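In: Dropping the sequence and predicted coords here.
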Amino acid sequence: MDLLIKNACMIIHDNQLNAVAIWIKDERIHAIGKNFDEGSFEQIIDAKNQLVTQGLVDVHVHLREPGFTYKETIKTGSLAASRGGFTTICAMPNLEPVPDTIEKYNQVQELISQSAVNHVLQYAPITKNLRSEDLVDQAALKNAGAFAFTNDGVGVQKAGTMYLAMKEAAKNQRAIVAHTEDESLLFNGVMHKGEKADELGLAGIMSAAESSQIARDLLLAEETGVHYHVCHVSSKESVRVIREAKKAGIQVSCEVCPHHLLFADEDIPKNHGYWKMNPPLRAREDQNALIEGLLDGTIDCIATDHAPHSFAEKNQDFNHSPFGIVGSEYAFQLIYTAFVKKGIFTLAQVIDWMAIKPAALFGLTVNRLNVGDPADLAIFDIEHSYTVDEKKFLSKAENTPFIGRELFGDTLYTLVNGKIVWQGGNQNGSLANFR
Ligand SMILES: NC(=O)N[C@@H](CC(=O)O)C(=O)O
Ligand SMILES: [Zn+2]
C-alpha cells in the first residue's frame, strides 16, 4: 500500500524542514519530497501543523509476560508504547520463568511475534534466574536473538560474576546492561535517604547503593573491554563516575528516566505507592546533575522504565507497595512539556535521546528519515494540550504520579513498518517553531 504523509514538519540534525511529504511504500520510506501526485496514494495523512519524528525507541520497559499478565501483557504494553510514539521497545527479563535458556527465551519470542504491535526486543538475563551465581549461555542466547544481557530488577551482587559475564559479553559483542544496586547497602530502604524520608518516617536508600556498584562495574568494564550500559541513573555521584569513566576511554553508556528528570524527593506529597520506584526520586541536586549529564553527553539517552503493577499492589503506602511506575504513554510529552517548551532542551536533542541514540547504542535498525529506512514514525500534535488520564491508558496499569498533569504533544499517529498502529484524537494545533 502506498501512503503519503503530507505537509510534514521534521527535525533533522537541528534543521527544521517544513511542508515536506513522505511517501511510504512496502513498509519503507520510498521518497521524501514536495510534489507527489496525490491521486496515486491509497491513504493520505495531512500532517499540517504537526511534528513528524522517527519512531521513538525505549530501551527499558517491563511487559510482564509470561508470569505477571495481571500487571501487563506484551499486547497491552506494546499498545501503550505505541500511544507514546514508540515504535521499538526493549523488554526486561524479570519474568516468570526468567528466559535464561534458549527454550524459555524462544517461548517469549513466540509470544512477542503473536501479540506485539510494534518492534519488541527481548533482553536475555546475565545469570540464571537473576541470581548472582551461574551465568547464562550467552552465545546460545545471542544466536536465539538476544541483543543484550541484563538482570534488571536486581543488581549483580558479586564482582566475580559480573567480571565473568562482561568477559563473555565482550567476546560475543553484546552489551551488559546493568541495574546497579548493592543489596548490602539497602538497609530496607524504600525511598531516597534524606530529609523527606525522615519526615515521612521511612527508611532511606543511599545513593551509594547505586553509585558504588557503578564504580565497581566501570573498572571491570575497563578490564574486559565490554560495552557497559547503566540503567536508570539517578544520582549525582553516578553521573560523576560515568563522566570520569568516559574521559578515561571506558566503553560506557547510560540512560535516565523522565521521572528522575522531573522530580526530586521533596516533591513527594504523601506516603503513597505511586511515588515509589527503584531507583528512588533523589535530591534536587541529583535531579539537576541528571539534566546536566544529558546536556554534556555523559548520559546518552532517555528510557521510561515502564513498570506496571496492579492497582491493589500500588494503592498502598511506601512500605507495602512494590517499586515502579508506568511511563510509556506520555514520556515524550513529559519531556517536551517540561524541557523543550521551557527552552532547556531542543527538540532535536530530545529526538536524539529518545529515538536515534538508544537505537545506535545497541546497533538496532532505526528510521533516520532516509529513503529506504523502515517506515517507523510518530506524528505529534505538539501544541495540543491534554491531561494525563489513567482511565484512558492502554496499559493495564495506572500506577504513576503524573496522573492529572497537563501535557503538550498528543500522539496522533504511530506507524510501524508503514502500518498505522496507533491513531489518536485529531485536534489541529498551530505550527510553532518546534525548536
Ligand atoms: N524500576 C522499578 O521500580 N521496578 C522495576 C524493576 C527495575 O527496573 O528495577 C519492576 O520490574 O517493577
Ligand atoms: Zn532496574
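Out: Looks like it came in fine. Ligands and ions are numbered 1, 2, ... in the order given.
In: Run through the bridge partners of residue 255.
Out: On the basis of DSSP bridges, residue 255 is bridged to residue 301.
In: before we move on, could you check phi and psi at residue 259?
Out: Note on residue 259: its backbone torsions stand at phi -60, psi -30 [degrees, to the nearest 10].
In: Which parts of the stretch 101-250 of the chain are strands?
Out: 119-122, 148-150, 175-178, 191-192, 204-205, 228-230 (DSSP state E, counting those that start in this stretch).
In: Compare those strands and report which one is nearest to residue 111.
Out: For residue 111, the closest of these is strand 119-122, at 9.3 Å, according to CB to CB. C-beta coordinates here come from the backbone N, C-alpha and C atoms, glycine included.
In: Can you name every helix or strand that the closest one contacts?
Out: On a contact count with 3 or more CB pairs under 8 Å, 6 or more residues apart in numbering; DSSP states H and E, strand 119-122 meets strand 86-91, helix 102-115.
In: returning to what we had before: what would the strands of the stretch 101-250 of the chain look like in a markdown table with mean neighbour count?
Out: Converted to a markdown table, these look like this (neighbours: other CB atoms under 10 Å):
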| stretch | mean neighbour count |
| --- | --- |
| strand 119-122 | 22 |
| strand 148-150 | 25 |
| strand 175-178 | 26 |
| strand 191-192 | 24 |
| strand 204-205 | 24 |
| strand 228-230 | 27 |
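In: Can you convert the ones you listed into TSV and add a column each for mean pLDDT and distance to residue 289?
Out: TSV is the format used below for those (pLDDT from 0 to 100; distance: least, CB to CB, whole Å):
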stretch	mean pLDDT	distance to residue 289
strand 119-122	98	30
strand 148-150	99	24
strand 175-178	98	19
strand 191-192	98	14
strand 204-205	98	17
strand 228-230	99	14
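In: Was I right to think residue 354 contacts residue 334?
Out: No: applying CB atoms under 8 Å, one finds residue 354 not in contact with residue 334, separated by 10.9 Å.
In: is it true that residue 170 touches residue 225?
Out: Yes: here residue 170 reaches residue 225: they are 5.0 Å apart, a contact under CB under 8 Å.
In: of those two, who's got more company?
Out: residue 170 (19 against 14; other CB atoms under 10 Å).
In: What is the end-to-end distance of stretch 44-54?
Out: Stretch 44-54 has an end-to-end distance of 18 Å (criterion: CA to CA, to the nearest Å).
In: show me the contacts for whichever residue of the chain sits closest to ligand 2.
Out: The nearest approach of the chain to ligand 2 comes at residue 179, 3.5 Å away (CB to the ion). Contact partners of residue 179, counting by CB atoms under 8 Å, 6 or more residues apart in numbering, are 150, 151, 152, 153, 154, 155, 231, 232.
In: Please name the nearest non-neighbouring residue to it.
Out: residue 152 (4.3 Å; CB to CB, 6 or more residues apart in numbering).
In: Ramachandran coordinates for that neighbour?
Out: Dihedral angles (degrees, to the nearest 10) for residue 152: phi -50, psi 140.
In: what residues are up against residue 187?
Out: Residue 187 neighbours (CB under 8 Å, 6+ apart): 203, 204, 205.
In: ditto for residue 288
Out: residue 236.
In: what does the model give it for pLDDT?
Out: Among the per-residue scores, residue 288 shows a pLDDT of 98.
In: Would you tell me what helix or strand it is located in?
Out: helix 284-295 (DSSP states H and E).
In: can you check residue 23 too?
Out: Going by DSSP H and E, residue 23 is in strand 15-25.
In: what about the nearest residue to residue 40 once chain neighbours are set aside, neighbour count?
Out: Distances taken as CB to CB, 6+ apart place residue 2 nearest to residue 40, at 6.7 Å, with adjacent residues excluded. For residue 2, the neighbour count with other CB under 10 Å is 15.
In: So what does residue 2 have for phi and psi?
Out: According to degrees, to the nearest 10, residue 2 has phi -100, psi 130.
In: And for residue 31?
Out: phi -160, psi 150.
In: In contact with it: list those residues for me.
Out: Contacts of residue 31 (CB under 8 Å, 6+ apart): 22, 23, 371.
In: Just the buried ones from those residues, in ChimeraX syntax?
Out: Buried residues within the contacts of residue 31, by 16 or more other CB atoms under 10 Å, are selected in ChimeraX with:
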select :22,23
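In: For the contacts of residue 31, could you give me a markdown table that also reports distance to ligand 2?
Out: Below are these laid out as a markdown table (distance: CB to the ion, whole Å):
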| residue | distance to ligand 2 |
| --- | --- |
| 22 | 36 |
| 23 | 41 |
| 371 | 38 |
